[in-house]
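1. After the sequence you'll find the predicted model.
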Amino acid sequence: MDRFLINIVFAFVWMLLQGDLHFYKFMEGFVVAYIFLWITRKSAVTTHYFPKIFQVIGFVLYFIKELIVSNLIVAYDIITPGFYMKPAILAIPLDCKTDLEITLFANLITLTPGTWSIDVSTDKSTLYIHAMYVDDIEKFKLDLKNGLERKLLKVMR
Amino acid sequence: MSIYIEILSGILIILGSIFVLISASGLLKMPDLYMRTSVTTKASTIGVGMVLLGTAVYFEDLGIYARAILIIIFIFMTAPIGSHLIGRAGFLDKVELWKGTIVNELEDKYSEDKKTLK
């Protein structure tokens, strides 16, 4: 996390030195500072920062893809006559342990169209979600756990 | 250069408006509270996000970019919490599920005083 802050400060300094307050100058400085930090890293100190930033970018791209695909499915159901949905309220056992992980997971589920989280059990072991397109209950739960939750935990830990 | 930026921002704004329109008609079409909440939070979130992004792309200004991205982050953070509270309140007040619902694993999981959940 320190390295991320240093990286942002360097990018900001880069932008000021160029005398050009544009967003792409900031991104340029971010890339340059990232390479600079990568070259000067101490091999003895283990840090997760360098591979982590690619994982975060990959996760964001994966999430945007999911968002668009499921939005199109819901939109198709709304504009065509008749109902195709099979709604269900499901209990998902959680691998997420801390409050931050559970909050992020629940929010990401809600942002994906067709599914949204209703409540978390008091002992934080189960998340109750409402899903609109459930063909096979067990397969749906496995997909959610192996897809979104595993990817989220990989980024968080 | 600028003609492409105008086309891009136009496409973003039109697509965003279409998403908001679809989610509004979903509010009329969906049969129960849970699916209505489901449809309106998502599609309108992405719709508003696209309209804001289109505006930021058009002006090409750091201040406007920063503000648009901040608004998008705040909407993405707060919209799920609103829908969670509406749905939970509806469930606790025993709003009926649509007849096509295949399974309800939350049935009888709340304690008598509605404070703890198994």
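-> Perfect, thanks for sending it. Since we're looking at a predicted model, the values are computed, not measured.
2. Now the longest helix along chain A: buried residues?
-> Counting residues, the longest helix in chain A under DSSP state H turns out to be helix A:49-79. By neighbour count on 16 or more other Cβ atoms under 10 Å in any protein chain shown, the buried set for helix A:49-79 is A:Tyr49, A:Lys52, A:Phe59, A:Phe63, A:Glu66, A:Leu67, A:Ser70, A:Asn71, A:Val74, A:Ala75, A:Asp77, A:Ile78. (Each C-beta comes from the backbone N, C-alpha and C, glycine too.)
3. go on, stretch B:56-71?
-> Buried, per 16+ other Cβ under 10 Å, within stretch B:56-71: B:Ala56, B:Val57, B:Tyr58, B:Leu62, B:Ile64, B:Tyr65, B:Ala68.
4. name the element the last one belongs to?
-> The reference is to B:Ala68. helix B:62-92 (DSSP states H and E).
5. what pLDDT, on average, does that helix get?
-> Throughout helix B:62-92, pLDDT has a mean value of 84.
6. quick one: low-confidence parts of the chain?
-> Picking chain A for this. A:1, A:42-48 (pLDDT under 70).
7. wait, chain B
-> B:1, B:106, B:108-109, B:112-118.
8. Next one: the residue lying farthest from the centre of chain A from A:Val13, what distance?
-> Within chain A, the residue lying farthest from the chain centre (Cα atoms, centre = their mean) is A:Gly19, at 34.0 Å. Here A:Gly19 is placed at a distance of 12 Å from A:Val13 (Cβ to Cβ, to the nearest Å).
9. Equivalent analysis for B:Lys94, please.
-> For B:Lys94, the distance to A:Val13 - Cβ to Cβ - is 59 Å.
10. Look at the two and report which has more neighbours.
-> Set B:Lys94 next to A:Val13 and count neighbours by other Cβ atoms under 10 Å in any protein chain shown: A:Val13 wins out with 12 against 7.
11. show me what contacts the residue nearest to that one when sequence neighbours are not counted?
-> Computed as Cβ to Cβ, 6 or more residues apart in numbering or on different chains, the closest residue to A:Val13 that is not its neighbour in sequence is A:Gly29, at 7.3 Å. A:Gly29 is in contact with A:Phe10, A:Ala11, A:Phe12, A:Val13, A:Trp14, A:Met15, A:Gln18, counting by Cβ atoms under 8 Å, 6 or more residues apart in numbering or on different chains.
12. The first one reaches A:Ala33, doesn't it?
-> Yes - taking contact to mean Cβ atoms under 8 Å, the distance of 3.4 Å between A:Phe10 and A:Ala33 places them in contact.
13. So these two - more neighbours on which side?
-> Legend: neighbour count by other Cβ under 10 Å for A:Phe10 and A:Ala33, higher for A:Ala33 (20 against 17).
14. picking up where we left off before, which pair of the buried residues of stretch B:56-71 spans the longest distance?
-> Using Cβ to Cβ, the buried residues of stretch B:56-71 span at most 14.1 Å, a distance reached by B:Tyr58 and B:Leu62.
15. how does chain A divide up, domain by domain?
-> A:2-39, A:49-156 (automatic domain parsing).
16. Of these, which is nearest B:Thr45?
-> Closest among the domains of chain A, using Cβ to Cβ: domain A:49-156, at 6.7 Å.
17. Look up phi and psi at A:Tyr128.
-> phi -100, psi 120 (degrees, to the nearest 10).
18. That one against A:Leu90, yeah?
-> Yes - contact criterion Cβ under 8 Å: A:Tyr128 and A:Leu90 qualify, at 7.3 Å.
19. okay, and the common contacts of these two?
-> Common neighbours of A:Tyr128 and A:Leu90 (Cβ under 8 Å, 6+ apart) are B:Glu105.
20. List just the nearest of the buried residues of helix A:49-79 to A:Ile6.
-> A:Tyr49 (9.6 Å).
21. what about the closest one, distance to A:Arg3?
-> 4 Å.
22. again with B:Leu8
-> From B:Leu8 to A:Arg3 the distance is 33 Å (Cβ to Cβ).
23. what about the two, which has more around it?
-> A:Arg3 (18 against 14).
24. ok, so what distance separates the more buried one from A:Ala11?
-> 12 Å.
25. just how off-centre is stretch A:97-106 within its chain?
-> In this view, stretch A:97-106 has its centroid 12 Å away from the chain centroid, taken as Cα atoms, centre = their mean, to the nearest Å.
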